[in-house]
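1. Here is my input; please provide its structure:
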Amino acid sequence: MDYILEANNINKSFGELKVLKDVSLNIGKKEIVSIVGPSGAGKTTLLQILSTLASADSGELSIDGTQITNLKDSELCKFRNKTLGFVFQFHQLLPEFTALENVMIPALIARCPENECKEKAKDILTHLGLGERIDHKPNELSGGEKQRVAVARALINNPKILFADEPTGSLDTKNRDELQHLFFQLRDELGITIVIVTHDMTLAGGSDRVIKMKDGKIVED
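-> Numbering: from 1, shown residues only. Okay, here's the model as predicted:
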């Protein structure tokens with residue numbers, strides 16, 4: 001398999017608490033992978049390290065051929081903005097901005113011209129069924145709509161990998177099923193790799209692969 005992410009011997013501690021213990025895994029291009037396990041297993045910490053939002057105490061991480069541990073902070077920020085997308089449980093949308101403006105933010109950070117950003121954001125939102133909601137602010141959107149706006153924001157810079165942390169945690173069954181369908185649609189249409197941390201075994205069960213964690217280690221893959 002052609003791997004887009006390779007992690008070797010990842011360790012992370014918080015004080016005396018060792019949260020990750022020599023965790024190694026490879027993720028292939030266009031794979032949808034779910035990481036599951038009980039609370040305290042280390043799932044979210046692992047996702048944060050794999051997505052470059054946190055650093056490991058030791059170990060190596062390579063994404064799309066780039067050795068992450070070798071990058072300076074400024075280089076890492078550029079790499080993250082260009083290569084990775086993020087979806088969180090509670091959307092993390094800025095309440096003072098419209099759906100369109102929220103989606104545009106990562107592209108503006110990447111210095112995309114404003115008119116070009118706006119057109120691209122409109123296209124993505126329309127593709128996700130939100131064409132008539134682009135001027136609405138988050139408090140005017142349903143939970144499912146907010147999460148789709150968050151997905152649109154994650155896609156604006158054409159990421160290679162989409163990381164999702166408990167993406168269905170605040171959704172009802174109908175919206176969860178729609179989000180799961182959307183993930184596969186994005187993989188099939190755009191060739192994106194998707195890595196999900198979830199307690200939702202229905203969502204995980206629909207993935208290409210399920211990685212189970214316990215006590216800071218991978219116990220089943």
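2. hey, let's count contacts and neighbours off CA atoms from now on
-> Will do.
3. Going by neighbour count, list what's buried in the worst-scoring helix or strand of the chain on mean pLDDT.
-> Ranked by mean pLDDT, DSSP states H and E, the weakest helix or strand in the chain is helix 173-190, scoring a mean of 86. Taking 16 or more other Cα atoms under 10 Å as the neighbour-count basis, helix 173-190 is seen to contain the buried residues 175, 176, 179, 180, 183, 184, 186, 187.
4. Just give the closest residue to the last one, not the sequence neighbours.
-> When you say that, I think you mean residue 187. Excluding its sequence neighbours, the residue lying closest to residue 187 (Cα to Cα, 6 or more residues apart in numbering) is residue 30, at 6.0 Å.
5. and the least confident helix or strand of the chain, C-alpha only, in PDB?
-> Backbone C-alpha positions of helix 173-190 (Å, rounded to 0.1, in the frame of the first residue of the first chain) are rendered in PDB as follows:
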ATOM      1  CA  THR A 173     -28.700   9.700  14.000                       C
ATOM      2  CA  LYS A 174     -29.900  11.200  10.700                       C
ATOM      3  CA  ASN A 175     -27.100  13.800  10.600                       C
ATOM      4  CA  ARG A 176     -24.500  11.200  11.700                       C
ATOM      5  CA  ASP A 177     -25.500   9.000   8.800                       C
ATOM      6  CA  GLU A 178     -25.300  12.000   6.400                       C
ATOM      7  CA  LEU A 179     -21.800  12.900   7.600                       C
ATOM      8  CA  GLN A 180     -20.600   9.300   7.200                       C
ATOM      9  CA  HIS A 181     -21.900   9.300   3.700                       C
ATOM     10  CA  LEU A 182     -20.200  12.600   3.000                       C
ATOM     11  CA  PHE A 183     -16.900  11.300   4.200                       C
ATOM     12  CA  PHE A 184     -17.000   8.400   1.700                       C
ATOM     13  CA  GLN A 185     -18.200  10.800  -1.000                       C
ATOM     14  CA  LEU A 186     -15.200  13.100  -0.400                       C
ATOM     15  CA  ARG A 187     -12.800  10.100  -0.400                       C
ATOM     16  CA  ASP A 188     -14.200   8.800  -3.700                       C
ATOM     17  CA  GLU A 189     -14.500  12.200  -5.400                       C
ATOM     18  CA  LEU A 190     -11.400  14.000  -4.100                       C
END
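6. tell me what the helix or strand just after that helix is packed against?
-> Downstream of helix 173-190, the next assigned helix or strand under DSSP states H and E is strand 193-197. On a contact count with 3 or more Cα pairs under 8 Å, 6 or more residues apart in numbering; DSSP states H and E, strand 193-197 meets strand 32-36, helix 43-50, strand 161-165, helix 173-190.
7. Of these, give the one that comes closest to residue 65.
-> Taking Cα to Cα, strand 161-165 is the member of the helices and strands packed on strand 193-197 nearest to residue 65, at 12.9 Å.
8. Go ahead and confirm residue 68 touches residue 59.
-> No - look at residue 68 against residue 59 with Cα atoms under 8 Å: they stay out of range, at 10.6 Å.
9. higher neighbour count, these two?
-> residue 68 (20 against 16; other Cα atoms under 10 Å).
10. Helices along this protein, start to end?
-> 43-50, 73-83, 99-109, 114-127, 143-155, 173-190, 201-205 (DSSP state H).
11. what angle do the longest one and strand 161-165 make?
-> Computed with axes from the mean of the first three to the mean of the last three Cα atoms, to 10 degrees, the direction of helix 173-190 lies at 170 degrees from that of strand 161-165.
12. can you tell me how far residue 203 sits from residue 15?
-> 33 Å (Cα to Cα, to the nearest Å).
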